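1. Output the structure for:
(chains A and B)
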Protein chains: 2
Amino acid sequence: MKKLLIASTSTIHGTGYLEYLLPTLTVFFADVKKLLFIPYARPSGISYDAYTKIAQKAFAKIHIEVVGIHEFDNPKEAVLNAEAIFTGGGNTFELVYQLYKNDVLATLKQVLENGTKYLGTSAGSNICGVSMKNTNDMPIVYPPSFTTLGLLPFNINAHYLDPLKNSKHMGETRETRIKEFHVFNETAVLGLREGSWLEVLGDSITLKGTETGRLFEKDKIAKELELGLLIIK
Amino acid sequence: MKKLLIASTSTIHGTGYLEYLLPTLTVFFADVKKLLFIPYARPSGISYDAYTKIAQKAFAKIHIEVVGIHEFDNPKEAVLNAEAIFTGGGNTFELVYQLYKNDVLATLKQVLENGTKYLGTSAGSNICGVSMKNTNDMPIVYPPSFTTLGLLPFNINAHYLDPLKNSKHMGETRETRIKEFHVFNETAVLGLREGSWLEVLGDSITLKGTETGRLFEKDKIAKELELGLLIIK
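-> Next up is the predicted model:
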């Protein structure tokens, strides 16, 4: 049975890394001693070691040891043997590129479907959808595919941002971009605002945190989703 | 000899489509009677016909006829025979996907290097760079490659946006994204603000319009570029 936490962001403005999630993580990972960290997304190009240290520091507060997947000779075995897994944010293109390059995507999907507990933030959440086609990130590397874990029956748009009122900038809003997506794709998209996350337990998906979600479905008007159990398709 | 206008945006806030560029286009396309329009980027998923009508309406004001590439049985021949070419904005992933699918990318590069006059706006400007890796667009379709026309020795970031002061949103700024790009890539990136464009005449590249440019080079501090002749690498 799937046991996933899929968060819009690792960090809320003005607080420390994962700080707002620690009470939730304490309960969710209550039986976990050691966490496998996937640092492939490299926010701001930070090294795997430096990124893993940041995760270690946060999880030390709730007495969980963190080890980076790059420290293993065989990343696939590391995933297979992990007690629980955390994929941090950064660039989704680089993350997906490395998941394919290290041949761990299918294995990750397999263990998460079989019940290995998982935390994703930002890019680490985007990959839980059917594809990474709703990332906000810049395509700085070319991954062999946009297909991701498909643990959810929809896609995630992390850091979902409402249109800025009175903006004179002519670049597309997030909503416009997602509407363009639906000209070419059928998959529903959940805009997940900073401060909220999904708790997935088997087939049940619950929106938690402080912010409502915004659901985009092809040929339908976008709608706000209240906190609580979600029924999407 | 290359003759290109590469604009950040088609439209300035509060004005009509291409309106701010019309005085420039009148001079640049003075000898042009008919323009080939490439509507592949489909902003908001608009149809090729509807998009072409928008371009027709704008160019009618300066007495230039516009015909869409999709109206030709053989798009490659349409490019080869075009008097001048305009690629409009929209989604860069879809644009590049279609340029490859219709097998016109290499032909487009060839005719533009040989002197066919070209206007690009937004996505149509991004493709003038070495790659599309600095687009702001959402990866709604998977193109066979991120490699683009390489008419410039650098990449374009259209609709360049300075970091929003006092924002509490934790998504990356444009500058952060471009810095991440330089962890994995060597190519310089020019942030082109709305209201400005590049005029390329052979090897000479001039920044024109109302806004300075922002140049990002690997391992260097970003710098502002004044309007005028650019010397980049």
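
2. what about A:L5, which helix or strand?
-> A:L5 belongs to strand A:3-7 when elements are defined using DSSP states H and E.

3. elements contacting that strand?
-> Strand A:3-7 is packed against helix A:22-28, strand A:117-121, strand A:196-201, with contacts defined by 3 or more C-beta pairs under 8 Å, 6 or more residues apart in numbering or on different chains; DSSP states H and E. The way it works is simple: take the backbone N, C-alpha and C, and place the C-beta from them, glycine included.

4. let's see 10 Å
-> Helices and strands touching strand A:3-7, by 3 or more C-beta pairs under 10 Å, 6 or more residues apart in numbering or on different chains; DSSP states H and E, are helix A:22-28, strand A:84-87, strand A:117-121, helix A:123-126, strand A:196-201, strand A:204-209.

5. Could you tell me the angle between the very next helix or strand once past the longest one and strand A:117-121?
-> Of the helices and strands lying after helix A:22-28 in sequence (DSSP H and E), the nearest is strand A:34-38. With axes from the mean of the first three to the mean of the last three C-alpha atoms, to 10 degrees applied, the angle from strand A:34-38 to strand A:117-121 works out at 40 degrees.

6. Point out the other helices and strands that the following helix or strand past strand A:34-38 packs with.
-> Heading C-terminal from strand A:34-38, the first helix or strand you meet, by DSSP H and E, is helix A:48-60. Counting contacts by 3+ C-beta pairs under 10 Å, 6+ apart, helix A:48-60 is packed against helix A:22-28, strand A:34-38, strand A:65-68, strand A:84-87, strand A:117-121.

7. again, only this time at 6 Å
-> strand A:65-68 (3 or more C-beta pairs under 6 Å, 6 or more residues apart in numbering or on different chains; DSSP states H and E).

8. on that earlier part again, and among the helices and strands packed on strand A:3-7, the most buried is which?
-> helix A:123-126 (a mean of 30; mean count of other C-beta atoms under 10 Å in any protein chain shown).

9. Identify all contacting residues around that helix.
-> The contact list for helix A:123-126 (C-beta atoms under 6 Å, 6 or more residues apart in numbering or on different chains) reads A:6-7, A:41, A:87-90, A:92, A:95, A:132, A:135, A:156, A:158.

10. which residues are contacting the strand holding A:L5?
-> For strand A:3-7, the surrounding residues in contact (C-beta under 6 Å, 6+ apart) are A:28, A:115, A:117-121, A:125, A:128, A:197-200.

11. Neighbouring strands of it in the sheet, and parallel or not?
-> Partners of strand A:3-7 in the sheet, by DSSP bridges, are strand A:117-121 (parallel), strand A:196-201 (antiparallel).

12. what separates the last one from the chain centre, distance-wise?
-> Spelled out, it's strand A:196-201. Between the centre of strand A:196-201 and the centre of its host chain there is 10 Å, according to C-alpha atoms, centre = their mean, to the nearest Å.

13. Now do it, average pLDDT.
-> Strand A:196-201 comes out with an average pLDDT of 98.

14. Now that strand - C-alpha only, CSV.
-> Below are the C-alpha coordinates for strand A:196-201, written out as CSV (Å, rounded to 0.1, in the frame of the first residue of the first chain):
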residue,chain,number,x,y,z
SER,A,196,0.1,22.3,1.5
TRP,A,197,0.8,18.6,0.7
LEU,A,198,-0.9,15.4,-0.3
GLU,A,199,-1.0,12.4,2.0
VAL,A,200,-1.4,9.3,-0.1
LEU,A,201,-2.4,6.1,1.8
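
15. quick one, it and strand A:204-209 angle?
-> Using the same axes, to 10 degrees: strand A:196-201 against strand A:204-209 is 150 degrees.

16. Could you do the first one as well?
-> Compare the direction of strand A:117-121 with that of strand A:204-209 by the same axes, to 10 degrees and you get 40 degrees.

17. Name the nearest residue to A:G191, ignoring sequence neighbours.
-> Closest residue to A:G191 apart from its sequence neighbours, by C-beta to C-beta, 6 or more residues apart in numbering or on different chains: A:Y160 at 3.2 Å.

18. Check the secondary structure at the one you found for me.
-> When classified by DSSP: H, G, I helix; E, B strand; the rest coil, A:Y160 comes out as coil.

19. centroid residue for chain A?
-> Centroid-nearest residue in chain A: A:S125, 0.9 Å away (criterion: C-alpha atoms, centre = their mean).

20. Relative to B:T206, how far out is the nearest residue to it once chain neighbours are set aside?
-> Distances taken as C-beta to C-beta, 6+ apart place A:I6 nearest to A:S125, at 4.4 Å, with adjacent residues excluded. Distance of A:I6 to B:T206, computed by C-beta to C-beta, to the nearest Å: 48 Å.

21. follow-up on the earlier one: which of the contacts of strand A:3-7 lies closest to chain B?
-> A:T121 (10.2 Å; C-beta to the nearest C-beta).

22. My understanding was that that closest one contacts A:S10; is that so?
-> Yes: using C-beta atoms under 6 Å, A:T121 is in contact with A:S10, at 3.9 Å.

23. any residues in contact with both of these two?
-> Contact criterion C-beta under 6 Å, 6+ apart; residues shared by A:T121 and A:S10: A:G89.
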